[in-house]
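1. no sequence for this one, just the structure:
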């Protein structure tokens, strides 16, 4: 190898090493500058202290914060499974499939409408929970455990109104739980799954009723196209405008929302 080629290789390696080291040096200088600025301005620092077991109040507050964060992480599941959200979002999704629309209305619209309808339907339950549990607890009239027990009563009452006895008996049998004398003796771990599968059944029943008229339109359009010999034309493309027209003429959104809300009456 000639001297000229060696002179070309060695500078290139040096440049690569400098490019690798230079960002580290810049980061180090920035950290030193920030530390010097913080020292010069006497910024407050962070100090951690571990107290003994004699003062139990900080530990109780810490546990409360952990429980609150856990509750917030479970809030989406609670909202979906313990309210009317499940039935509403499934019915709206089945309507979109019945109309042969893939992304219209978009998922954000369906979920947003389902949330607002859920708040509308569940408002009496939420108001009762606020009156009997949240406000007394905020005013320090009851304990946390009593507030939790009071809050579950209206929610369990709502779920019991829409649970099929067959679904409730299923989980009592699977869980080997003795036959309860009244609703208050039914464990919550039995009420929640029974309520969910009851909501799923009702939602699919409503979805089936939505599919029937649009299925008839698809069959009529497919028969007409086949009789005309237009085999290459997709029937869905032709039937889609007629299904949208039918849905608009009968004021479908009004009837659908009215049916969903009245199903919880």
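-> Sure, I can see it. These figures come from a predicted structure and were not determined experimentally.

2. so who does residue 171 touch?
-> When contacts are counted by Cβ atoms under 8 Å, 6 or more residues apart in numbering, residue 171 is found next to 177, 190, 193, 194. In this view, the C-beta of every residue, glycine as well, is placed from N, C-alpha and C.

3. and it, what pLDDT?
-> We have a pLDDT of 85 for residue 171.

4. next one: residue 218
-> Looking at residue 218, its pLDDT reads 81.

5. who's in contact with it?
-> Residues in contact with residue 218 (Cβ under 8 Å, 6+ apart) are 100, 235, 236, 239, 243.

6. ok, now with 10 Å
-> 98, 100, 211, 235, 236, 238, 239, 240, 242, 243 (Cβ atoms under 10 Å, 6 or more residues apart in numbering).

7. next step: those residues restricted to helices.
-> 98, 211, 235, 236, 238, 239, 240, 242, 243 (DSSP state H).

8. and the contacts of residue 171, which is closest to residue 127?
-> Nearest to residue 127 among the contacts of residue 171, counting by Cβ to Cβ, is residue 194 at 25.0 Å.

9. for the helix or strand harbouring that closest one, buried residues please.
-> In this structure, residue 194 is located in helix 188-227 according to DSSP states H and E. Across helix 188-227, burial judged by 16 or more other Cβ atoms under 10 Å covers 190-199, 202-203, 206-207, 210, 214, 217-218, 221, 225.

10. next, the spatially most central residue of the chain: secondary structure please.
-> What sits nearest the mean C-alpha location of the chain, by Cα atoms, centre = their mean, is residue 76, with 4.4 Å. Of the three states, residue 76 takes helix under DSSP: H, G, I helix; E, B strand; the rest coil.
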